[in-house]
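Undergrad: model the following, please.
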Amino acid sequence: MPGPLNGRTTLVTGATGATGGLGSAIARRLAADGATVALAHLGDDRTAAELAASLPAALSLSGDLRDTEAVRSLCRQAHDALGPIDILISNAGAYPRRPWQETTPTHWNDALATNLTSHYLLAHELTPAMTTAGWGRIITIGSVLATAGRHDLSGYISAKAGLEGFTRALARELGPAGITANCVAPGSIRVPAEDTVVDDPEAMAARQLARQCVQRRGRPEDIAAAVAFLATEDAGFITGQTLRVDGGWILG
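TA: Residues are numbered from 1 along each chain as shown. Predicted coordinates:
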């Protein structure tokens, strides 16, 4: 059966990584819905190759999205291999935890480069072709922490808040060209990294469930479903929005 994204080509950044789930779940869902997928990653060649091999006609590309020339090269390779990119899923990022008093200008700039500037570089490179085509989807992956706040994450949270603003700016700039821009903000999503970076994963999960309306942990597939909808024609009148996929953690 034809899928809702048949004939569309998408670039998914952060397609693999230590968090172990969002990028690959998004890529699998978009491919299942008919899209041809380019997978952008940084240095995780084996995992990316395995993911690409499991998807129809997928392409694996490695590059540092904080670097302007690397972004240009990656986007050029995707275009040459698959044609113009219709859908950008700007998911790549990092979660550097550091107490405020230990956050140096270098740490701050690194957090912004990874979690905000990289999204600008990708969108700036890919939107001319979308504008020419008169159709495009830009979906950034934010975080509910941009609203909730949390200690030891000042750079990350500031970048994610900036990403929401950037997405709204793109919606205004690019809407007349037939391009929508939206942000999906995950809540607490169950990923394997929890078992190694959290001292007591069970206690953390219990605290999180107490915050939520829906009494189960979020899954990468929950984020993928939201992204997949925003990429379709059915979402063509939705732009400049932040969709929180958090089980009701942040209301209002």
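Undergrad: the helices in the stretch 101-250 of the chain, which residues?
TA: 105-112, 118-133, 145-148, 154-174, 194-197, 201-211, 220-230 (DSSP state H, counting those that start in this stretch).
Undergrad: is it true that Asp86 touches Trp135?
TA: Yes - under the criterion of C-beta atoms under 8 Å, Asp86 makes contact with Trp135 at 6.5 Å. C-betas here are computed from N, CA, C, even on glycine.
Undergrad: out of those two, which sits in the busier spot?
TA: Between Asp86 and Trp135, counted using other C-beta atoms under 10 Å, the more crowded position is Asp86 (22 against 17).
Undergrad: any idea how far the more buried one is from Ser154?
TA: 35 Å (C-beta to C-beta, to the nearest Å).
Undergrad: go on, Thr47?
TA: 30 Å.
Undergrad: the host helix or strand of Arg72: what's the following helix or strand?
TA: Following DSSP states H and E, one finds Arg72 within helix 68-82. Going down the chain from helix 68-82, the next helix or strand is strand 87-90, by DSSP H and E.
Undergrad: tell me the centre residue of this structure?
TA: Residue closest to the mean C-alpha point of the chain, counted by C-alpha atoms, centre = their mean, is Asn91 at 1.9 Å.
Undergrad: report the helix or strand with the lowest average pLDDT across this protein.
TA: The least trusted helix or strand in the chain, going by mean pLDDT, DSSP states H and E, turns out to be helix 194-197, with a mean of 69.
Undergrad: now do the contacts for the closest residue to Ala148 other than its chain neighbours.
TA: Leaving aside its chain neighbours, Ala148 sits nearest to Ile250 (5.9 Å; criterion: C-beta to C-beta, 6 or more residues apart in numbering). Neighbour list for Ile250: Val144, Thr147, Ala148, Gly187, Arg244 [criterion: C-beta atoms under 8 Å, 6 or more residues apart in numbering].
Undergrad: swap the cut-off to 7 Å and go again
TA: Neighbouring residues of Ile250 by C-beta atoms under 7 Å, 6 or more residues apart in numbering: Val144, Thr147, Ala148, Arg244.
Undergrad: can you check Arg219 too?
TA: Going by C-beta under 7 Å, 6+ apart, Arg219 touches Ile189, Arg190.
Undergrad: what's the pLDDT at it?
TA: With respect to pLDDT, Arg219 has a value of 95.
Undergrad: do the one 10 residues further on as well
TA: We have a pLDDT of 98 for Phe229.
Undergrad: look up how far Phe166 lies from the residue lying closest to it once chain neighbours are set aside.
TA: Using C-beta to C-beta, 6+ apart and skipping the chain neighbours, the partner closest in space to Phe229 is Ala235 (5.7 Å). For Ala235, the distance to Phe166 equals 19 Å [C-beta to C-beta].
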